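Participant: quick one: sequence and predicted model below, then my questions.
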Amino acid sequence: MTKNLVTAKRIGVLMGGESSERDISIRSGLAIYQGLQELGYNSVPIDISKDVVNALKKDKVKVAFLALHGGIGENGAIQGMLEVLGIPYTGSGVLASALAMDKEASKKIFIYHGLPVAPFVIARQKAKGKTQKTVDLPVIDFTLPWVVKPVAEGSSVGVSIVKKVEDLQPNLEKAFAFDQRVMIEKFIPGKEVHIGVLGQKAMGGVEVRPSLEFYNYEAKYTSGLTDYIIPPEIDDATYEKAKEIAMKAHTALGCSGASRVDLRIDDNNVPHILEVNTLPGMTTTSLLPKIAKSAGLSFNDLVEEILRLAIKE
């Protein structure tokens, strides 16, 4: 990267916000900020829970490095604001960000493109008067176990695995605390593999083996609760197929910059797309930096390449 293109420009690292993933966002943002400082870039950390527009103007930010997770930071809202302000930013654009954050919309796009996903239905919570709420629950025509998750949350917030029909209702209520739409998806037994995409190339992947029931919020962000296997312990053909499907998912949504595509590999070695993360975690325990390291990129190399792609685009 030709540093003189951006060294004179103020880079604002946007983090925090008010989503359920605020704490992780701050950890990502501070790691990115430290990396930019070590690389010699003129950067400033900005917590978007405050008046972000005035903060950007006050700090004379010319490029935004997004370290936001969930909520308005990842669903296209901040991206739209930056477009209006004419400030280049890292990661995907408005539409791709919104689609990737919405698991219902993204899965329908994957199906349209012939990409493999687990069977699912959407339960909707509707207001009934001022205080009561009713749930529109479609017929579930696939077998247990089921994964219950809010449609537009990240980091496995509000996610649970249902093994008995009678456990569905309490877990729906848990998920409805975060979203008015909840996805009920067939659980795919097998391995969980996450593929890192940078630019227009799949860098590689990592297999995650949590010691808990599944790769939930606690397993993701508590050191020692998950084993990370790089490269994944799957055969070469399946690994190549997983990377190919990940790239197709990234492209189908119109993503740019870096993304992380989460997959379940079933017992027949068929990868199924869980979701695409347009702003993957950048903490010391995050998967994208682990994948990048296995591809020969240090954390700071990864930060600089993400920044380069933002300037280029």
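Facilitator: Great, that's in hand.
Participant: how about Val147, what does it touch?
Facilitator: Going by C-beta atoms under 8 Å, 6 or more residues apart in numbering, Val147 touches 118, 159-162, 183-187, 214. For the C-beta atoms, the positions are set from N, CA and C on the backbone; glycine is no exception.
Participant: if we go to 7 Å?
Facilitator: 159, 161, 185, 187 (C-beta atoms under 7 Å, 6 or more residues apart in numbering).
Participant: can you tell me the element the closest residue in space to the first one that isn't next to it in sequence falls in?
Facilitator: This means Val159. Of all residues not flanking Val159 in the chain, Lys149 sits nearest, at 4.4 Å (C-beta to C-beta, 6 or more residues apart in numbering). In the assignment (DSSP states H and E), Lys149 maps to strand 146-150.
Participant: after that strand, heading C-terminal, what element do we hit next?
Facilitator: Once the chain leaves strand 146-150, the next helix or strand it forms, by DSSP H and E, is strand 160-162.
Participant: got the CA positions of the next helix or strand after that following strand in CSV?
Facilitator: Per DSSP H and E, the first helix or strand lying C-terminal to strand 160-162 is helix 168-176. C-alpha atoms of helix 168-176 as CSV (Å, rounded to 0.1, in the frame of the first residue of the first chain):
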residue,chain,number,x,y,z
LEU,A,168,-39.5,-24.1,21.9
GLN,A,169,-41.7,-21.6,23.5
PRO,A,170,-39.3,-20.4,26.3
ASN,A,171,-36.5,-20.2,23.8
LEU,A,172,-38.6,-18.2,21.3
GLU,A,173,-39.4,-15.7,24.2
LYS,A,174,-35.6,-15.5,24.8
ALA,A,175,-34.9,-14.6,21.2
PHE,A,176,-37.9,-12.2,20.9
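Participant: show me what the strand holding Lys149 pairs with in its sheet, parallel or antiparallel.
Facilitator: Partner strands and pairing direction for strand 146-150 (DSSP bridges) are strand 160-162 (antiparallel), strand 181-186 (antiparallel).
Participant: related to what we said a few turns ago, can you redo the contacts of Val147 as TSV with pLDDT?
Facilitator: Output for those, formatted as TSV (pLDDT from 0 to 100):
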residue	pLDDT
Val159	90
Ile161	93
Glu185	96
Phe187	95
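Participant: out of those residues, who's nearest Asn42?
Facilitator: Nearest to Asn42, judged by C-beta to C-beta, of the contacts of Val147 is Val159 at 39.3 Å.
Participant: thinking again about what came up before, what sits against the residue nearest to Val159?
Facilitator: Contacts for Lys149 were tallied using C-beta under 7 Å, 6+ apart; they are 158-159, 175, 182-183, 185.
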